[in-house]
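Engineer: have a look; sequence and predicted model below, questions after that.
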Amino acid sequence: MAKNRYDAIVVGARCAGSPTAMLLARKGYEVLVVDRATFPSDTISTHLIHPPGVAALERWGLLERLVATGCPSIHTYAFDFGPFVISGAPGTGDARVAYGPRRVVLDKLLVDAASEAGAEVREGFTVEDVSIEAGRVTGIRGRDKGGQPVTEHARVVVGADGLHSLVSRAVVPEQYNERPRYLAGYYTYWSGLPMNGRFEAYDRGDRNWAAWPTNDDLTLVIVGWPIAEFEANKKDIEGNYLRAFERAPAFRDRILAARREERFVGTAVPNFFRKPYGPGWALVGDAGYNKDFITAQGITDAFRDAELCAAALDASFSGARPFDVAMEAYRSTRDGHVLPMYEFTCQFAMLAPPPPEMQQLLEAVHENQEAMDGFARVIAGVTSPAEFFSAENVGRILARAR
Ligand SMILES: Cc1cc2nc3c(=O)[nH]c(=O)nc-3n(C[C@H](O)[C@H](O)[C@H](O)COP(=O)(O)OP(=O)(O)OC[C@H]3O[C@@H](n4cnc5c(N)ncnc54)[C@H](O)[C@@H]3O)c2cc1C
């Protein structure tokens, strides 16, 4: 067996990878984190961080740094359904607000935090293969910034390498709860579109869009349409994007008075869970579990994975629990937490009209501030959809509306 130079090698240094590396390094482990990207750099992703993700940054001592970048906080989520608007506070006692930092800002901050914690960070390093000996992952093979071939070994290789994870392709994990792509989304950034601390989402049949403030006095606006229109609409992305706003004239007027500052970026993603561990390997973030971006859960989920996976690896490395037992606890906690939101997200991403009972419930919610805050906290990932849409809670909301 190869000699291990590291306890863990983390492939991918963004929302899932850098926090995993940081948390393991803070526990005193030898950690290498590699990414083919260099930082600061952007990636295809909008970047609303719901209050539970903000709470993670605070726990890690990184929130002050984020605030210092000038990124405005978001205290209100407003969901405009046309005939009515549900407007509520997404936060809780320990995290009252959300933030929408540019990935170029957020990811750099996370990489720096991993490095400061003692993890060795190699940027511009492309992993080309995973070393497997006798059915066990033992390390990585890749090329450094200068193109030189490099091999490294570790007790565990953590794939934090995103949706198209090379680590996952090498270990072929069990994949479950798979759903197709439902939605295509395109976004860009606007100046002169003030949001005053609000995240706004608009639901207009087969068009859905959202806007929120980010760094540099810019506002991000993302528009979604059904996957069936993905190819055809590529011929005129700007026209299709702007035509969506005709369905909400007040918003259309605001955006017509604003100025577009960047190009359009867009994509569509599949929905799946992967078993996030096996002999010598683990998966965190999008590599292990992906869902449509319509509910903006990915960054917050990646942060949670980092904490759960790092704690499980610590338990295994320290001998407190066998690897499989510790990692199965990571998988079951992850799945138990995210499954109701996963179902809700897939449903929402279909852009189908809500069934009549849901329509009736949403109308009742909008007449009741406590229920509106509750709905905002569902989208924020604070309250589980299973709890909010329970027969008991729905009965209570409907009874108050009568
Ligand atoms: C259009 C869109 C909008 C979104 N909006 C939101 C939102 O508003 N809020 C939210 O919370 N989430 C959002 N998400 C989801 C969010 O982007 C992801 O969940 C999040 O980026 C996952 O982080 P990650 O670290 O797992 O993966 P990534 O951010 O994808 O990072 C993976 C890293 O791995 C590196 N890598 C990959 N392969 C290799 C290799 N072979 N060698 C070396 N390095 C490698 C890549 O260079 C990359 O830096 C959105 C996603 C999309 C597509």
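Structural biologist: Received the coordinates, thanks.

Engineer: okay, which residue is most central for the chain?
Structural biologist: What sits nearest the mean C-alpha location of the chain, by Cα atoms, centre = their mean, is residue 298, with 1.3 Å.

Engineer: now that one. Nearest residue, chain neighbours left out?
Structural biologist: residue 286 (6.4 Å; Cβ to Cβ, 6 or more residues apart in numbering). Where you see a C-beta, it was placed from the backbone N, CA and C, and this is true even at glycine.

Engineer: repeat that for residue 299.
Structural biologist: Counting by Cβ to Cβ, 6+ apart, the residue nearest residue 299 is residue 15, at 4.8 Å.

Engineer: how far out from the middle of the chain is the strand or helix carrying residue 169?
Structural biologist: Taking DSSP states H and E as the definition, residue 169 sits inside helix 166-171. The chain centroid and the centroid of helix 166-171 are separated by 21 Å under Cα atoms, centre = their mean, to the nearest Å.

Engineer: show residues contacting the helix or strand that it is followed by.
Structural biologist: Using DSSP H and E, the next helix or strand after helix 166-171 towards the C-terminus is strand 175-179. Outside strand 175-179, the residues within contact range by Cβ atoms under 8 Å, 6 or more residues apart in numbering are 270-275, 339, 342, 346.

Engineer: and stretch 331-346, average pLDDT?
Structural biologist: Mean pLDDT, computed over stretch 331-346, is 97.

Engineer: coming back round to it: could you confirm the residue nearest to residue 298 falls within a helix?
Structural biologist: Yes: under DSSP: H, G, I helix; E, B strand; the rest coil, residue 286 falls within a helix.

Engineer: quick one, helices of the stretch 151-300 of the chain?
Structural biologist: 166-171, 230-233, 237-244, 249-256, 298-317 (DSSP state H, counting those that start in this stretch).

Engineer: among the ones you listed, which is the most enclosed?
Structural biologist: helix 298-317 (a mean of 24; mean count of other Cβ atoms under 10 Å).

Engineer: now for that helix, which elements pack on it?
Structural biologist: Helix 298-317 sits against strand 6-11, helix 17-26, helix 51-59, strand 149-159, strand 281-283, strand 289-290, helix 323-349, with contacts defined as 3 or more Cβ pairs under 8 Å, 6 or more residues apart in numbering; DSSP states H and E.

Engineer: need those in TSV (columns: distance to residue 221 and mean neighbour count).
Structural biologist: Shown next, in TSV, are those (distance: least, Cβ to Cβ, whole Å; neighbours: other Cβ atoms under 10 Å):
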stretch	distance to residue 221	mean neighbour count
strand 6-11	33	27
helix 17-26	28	28
helix 51-59	21	21
strand 149-159	32	22
strand 281-283	32	28
strand 289-290	23	24
helix 323-349	18	18
